[in-house]
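Q: using only what follows, build the 3D model:
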Amino acid sequence: MSGEVLRIGNASGFYGDRFDALRTMLTGGPLSVLTGDYLAELTMLILGRDRLKDPKRGYATTFLRQLEDGLGLAAERGVKIVTNAGGLNPAGLADAVRELADRVGVPVRVAHVEGDDLLAAGDRARWGDGVLTANAYLGGDGIAACLRAGADVVVTGRVTDAALVSGAAAAHFGWGPGDLDALAGAVVAGHVLECGTQATGGNYSFFGEHDVRRPGFPLAEIAADGTAVITKHPGTGGAVTTGTVTAQLLYETDGARYAGPDVTARLDTVRLHGAGPDRVRIDGVRGEAPPPALKAGLTRLGGWRNEVTFVLTGLDVEAKAALVRGQMAAAFEAAGIRPAEVRWTLARTDHADAAVQEEASALLRLVVRDPDETAVGRAVSGAAVELALGSYPGFHVTAPPGKGAPYGVFEAVAVDRAEAAHTAVLPDGTRHAVAPPAATRELVRLPDPEPPAPLDAGLPVRRAPLGAVCGARSGDKGGSANVGVWARTETAWRWLAHTLTVEKFRELLPETGELTIDRHLLPGLRSLNFVVEGLLGDGVAAQARFDPQAKAVGEWLRSRHLEIPEVLL
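A: Numbers count the residues shown, from 1 in each chain. Prediction:
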């Protein structure tokens, strides 16, 4: 990569991320643009509830507090700020930024992007009863229009996470809709940056290889052709390696076609190269025309839930579990109120002859759901409390049972682009309508490439955890989960591609046994990506399972034992 580069940093991967990151990124080294990603499926639900309480809310208030001293720093250093912290009210946050700028005496030009809010567009009934938020995922063209008009701060609502980077790069380099390879390269770089320190060693399978106690936030040096180098400010913690970048590339993806509103990036064309300490070059990325429809996310209040976790200690764990389950069922019957959904799970965390009491204990978790709050409130917590002196020996729970709490449901749908009036509101108040792409392409799953040659048959094997030779990262995709697995060497990749089939995956993770699983091969990254449909029920807000965002499914998979050739160990 040669010539001029655009240095784009990230200062937030979610609403609640490290508060001082914005200041640290502005003072840690040179930047041209600083992005902040504050939105996720659960966040939209939270902001929707905020907006119900106060129509002037609906945006990430943390961002404003971070700007109180960060705005002056950005202005002094000539750094543009691009953020989706506007959430459900980007115009409101833009106004709040202007008020803040006046108060702290930092003159800045503020613009915002709107049109993603499908409820604001009119026909609320179309989305069904109880829909709290309905937002289309917009691309980077509105951001680019704001920056080209001279904005210093650009606030958006629900754009794709990577659009914060690709929009800024398109504005800087003058890319148009036809520059698909360059746009795809920036989208891939944006995907690496969007989750903050996950790209610099955070949540990394091989975390013991680096000091990740306080990893620095990532930045991308993007060139005019869309190639990029991922790095971080000097002296910050963590590490940028081909492994940390691979892990983030696999996070929350599905097939080799990574679709977005502006371009579909071909993940099977991505190539990573070490380019020096804490520097990884991304090149080779090819782009295709985007799909004709936009993805939209709907959130609604799904009902009410409650949970109680009973601690079962010592001997006869199964019998103790059966006793308390029977007692709770009898209590529901006696009260004449049984929740619509009653789910029990027993986690055998206990060890025989344990020297520590916690290690002698198993956890029996009861989760109940119902459209009626009364069915999961006192009817459940009262029944659990009343067992305190009349149930299994050693009875106690992890926390006092409480009232029922509302839970949310997330649904992804496709909408016509005409339903989202993508609009850039420029610093002077001019409203610029963003035209849809002239060319689109239906999103079709790519056929799997040929796997690498298998290892020689008959090699000596030893039973060991998969994680001894492979890394993994997992995450949520609505009600589904993805688990990306990568090999660290070409030899290990030849073994992994032939060993970790869908059938073996089901065997290692029995919880997925009845679910639909799609396996994708990405040889350029020496990776497999598994998409497990329905593992998360109605999405993270529904809290359907112990790990509601599937954050640790990859580590569960790595902990499972199988026969591994000794040459790899």
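Q: strands along the stretch 151-300 of the chain, start to end?
A: Residue ranges of the strands in the stretch 151-300 of the chain, as given by DSSP state E, counting those that start in this stretch, are 153-155, 218-223, 228-232, 257-259, 264-266, 271-274, 280-283, 286-288, 293-313.
Q: now what about the second one, what contacts it?
A: Residues external to strand 218-223 that are found in contact with it (CB atoms under 8 Å, 6 or more residues apart in numbering): 1-10, 25, 31, 165, 169, 185-186, 189-190, 192-193, 196-197, 199-200, 228-233, 240. Where C-beta positions appear, they are placed from N, C-alpha and C, glycine not excepted.
Q: among those, which ones are buried?
A: 1, 5-10, 25, 31, 165, 169, 185-186, 189-190, 192-193, 196-197, 199-200, 228-233, 240 (16 or more other CB atoms under 10 Å).
Q: helices - which of those residues land there?
A: Mapping the buried ones among the contacts of strand 218-223 onto helices (DSSP state H) picks out 25, 165, 169, 185-186, 189-190, 192-193.
Q: count of neighbours near Ala457?
A: When counting by other CB atoms under 10 Å, one arrives at 5 neighbours for Ala457.
Q: for the stretch 1-150 of the chain, give me the ranges with low pLDDT.
A: In the predicted model, the stretch 1-150 of the chain carries pLDDT under 70 at residues 1-3, 122-123.
Q: rerun at 90
A: 1-4, 41-42, 69, 120-130 (pLDDT under 90).
Q: any chance of the strands of the stretch 151-300 of the chain in TSV, with mean pLDDT and distance to Glu533 too?
A: Output for these, formatted as TSV (pLDDT from 0 to 100; distance: least, CB to CB, whole Å):
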stretch	mean pLDDT	distance to Glu533
strand 153-155	98	35
strand 218-223	98	31
strand 228-232	98	31
strand 257-259	98	17
strand 264-266	98	21
strand 271-274	98	29
strand 280-283	98	29
strand 286-288	98	24
strand 293-313	95	16
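Q: among those strands, which is nearest His432?
A: Comparing these against His432 with CB to CB, the closest turns out to be strand 153-155 (12.5 Å).
Q: the closest one pairs with which strands, parallel or anti?
A: strand 80-83 (parallel), strand 110-114 (parallel) (DSSP bridges).
Q: save those strands as TSV, and put in mean neighbour count and distance to Gly72 too.
A: Converted to TSV, the strands paired with strand 153-155 look like this (neighbours: other CB atoms under 10 Å; distance: least, CB to CB, whole Å):
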stretch	mean neighbour count	distance to Gly72
strand 80-83	28	12
strand 110-114	27	15
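Q: save the ones you listed as CSV, and put in distance to Leu364 too.
A: Compiled in CSV, the strands paired with strand 153-155 are given as follows (distance: least, CB to CB, whole Å):
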stretch, distance to Leu364
strand 80-83, 43
strand 110-114, 48
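Q: between the ones you listed, which one is nearest to Leu521?
A: Here strand 80-83 is closest among the strands paired with strand 153-155 (CB to CB), at 34.2 Å.
Q: so where is the stretch 401-550 of the chain shaky, pLDDT-wise?
A: In the stretch 401-550 of the chain, residues with pLDDT under 90: 477-478, 537-546.
Q: the same query, at a cut-off of 70, please.
A: For the stretch 401-550 of the chain (pLDDT under 70), the answer is none.
Q: show me the strands in it, by range?
A: Under DSSP E, counting those that start in this stretch, the stretch 401-550 of the chain gives strands at 405-416, 423-425, 431-433, 461-465, 470-477, 480-487, 517-522, 527-532.
Q: for Glu288, find the nearest of these.
A: When the strands of the stretch 401-550 of the chain are compared by CB to CB, strand 517-522 sits nearest Glu288, at 16.2 Å.
Q: with only the CA atoms kept, save the closest one in PDB.
A: Extracted C-alpha coordinates of strand 517-522, given in PDB (Å, rounded to 0.1, in the frame of the first residue of the first chain):
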ATOM      1  CA  ILE A 517     -26.500 -25.600  10.700                       C
ATOM      2  CA  ASP A 518     -24.800 -24.200   7.700                       C
ATOM      3  CA  ARG A 519     -21.000 -24.500   7.300                       C
ATOM      4  CA  HIS A 520     -19.000 -22.100   5.200                       C
ATOM      5  CA  LEU A 521     -15.400 -22.500   4.100                       C
ATOM      6  CA  LEU A 522     -13.100 -19.500   3.900                       C
END
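Q: quickly run through the sheet partners of that strand, with directions.
A: For strand 517-522, pairing defined by DSSP bridges yields strand 527-532 (antiparallel).
Q: okay, the angle between the strand it pairs with and strand 480-487?
A: 160 degrees (axes from the mean of the first three to the mean of the last three CA atoms, to 10 degrees).
Q: pretty sure Ser526 sits against Trp493.
A: Not Ser; residue 526 is Arg. Yes - contact criterion CB atoms under 8 Å: Arg526 and Trp493 qualify, at 4.0 Å.
Q: tell me, what's touching these two both at once?
A: Contacts common to Arg526 and Trp493, judged by CB under 8 Å, 6+ apart, are Ala487.
Q: distance to Ala487 for the ones in helices among the buried ones among the contacts of strand 218-223 - can I get that in TSV?
A: Formatted as TSV, these follow (distance: CB to CB, whole Å):
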residue	distance to Ala487
Met25	33
Val165	28
Ala169	31
Gly185	24
Ala186	27
Ala189	23
Gly190	26
Val192	19
Leu193	24
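Q: quick one, phi psi at the residue nearest to Gly150 when sequence neighbours are not counted?
A: When the adjacent residues along the chain are set aside, Gly150 lies closest to Arg109, with 5.5 Å between them (CB to CB, 6 or more residues apart in numbering). Per-residue torsions, Arg109: phi -100, psi 120 (degrees, to the nearest 10).
Q: farthest pair within the ones in helices among the buried ones among the contacts of strand 218-223?
A: Every pair of those checked by CB to CB; the farthest is Met25 and Gly185, at 22.0 Å.
Q: OK, contacts around Arg343?
A: Taking CB under 8 Å, 6+ apart, we find Arg343 in contact with 366-368.
Q: quick check: Gly29 touching Gly216?
A: No - the criterion here is CB under 8 Å, and Gly29 misses it with Gly216 at 9.9 Å.
Q: now Asp372: how far from Gly404?
A: Noted for Asp372: a distance of 9 Å to Gly404, by CB to CB, to the nearest Å.
Q: looking at those two, which is more packed in?
A: Higher neighbour count among Asp372 and Gly404: Gly404, with 24 against 14, using other CB under 10 Å.
Q: any idea how far the more buried one lies from Gly13?
A: In terms of CB to CB, Gly404 sits 31 Å off from Gly13.
Q: burial check on Glu419, number of neighbours?
A: 17.
Q: same question, Arg271
A: Neighbours of Arg271 using other CB under 10 Å come to 12.
Q: I'd assumed Arg286 was in contact with it.
A: No - using CB under 8 Å, Arg271 is not in contact with Arg286, being 10.8 Å away.
Q: show me what the helix or strand hosting Cys146 is packed up against.
A: Under the criterion of DSSP states H and E, Cys146 resides in helix 141-148. Helix 141-148 is packed against strand 80-83, strand 110-114, strand 153-155, helix 163-173, strand 423-425, with contacts defined by 3 or more CB pairs under 8 Å, 6 or more residues apart in numbering; DSSP states H and E.
Q: rerun at 7 Å
A: strand 110-114, strand 153-155, helix 163-173, strand 423-425 (3 or more CB pairs under 7 Å, 6 or more residues apart in numbering; DSSP states H and E).
Q: nearest to Arg473, of the ones you listed?
A: Of those, nearest to Arg473 by CB to CB is helix 163-173, at 19.8 Å.
Q: okay, Gly29 and Gly216: which has more neighbours?
A: Per other CB under 10 Å, whichever of Gly29 and Gly216 has more neighbours is Gly216, with 28 against 17.
Q: tell me the contacts of that one?
A: Taking CB atoms under 7 Å, 6 or more residues apart in numbering, we find Gly216 in contact with 200, 232-233, 236-238.
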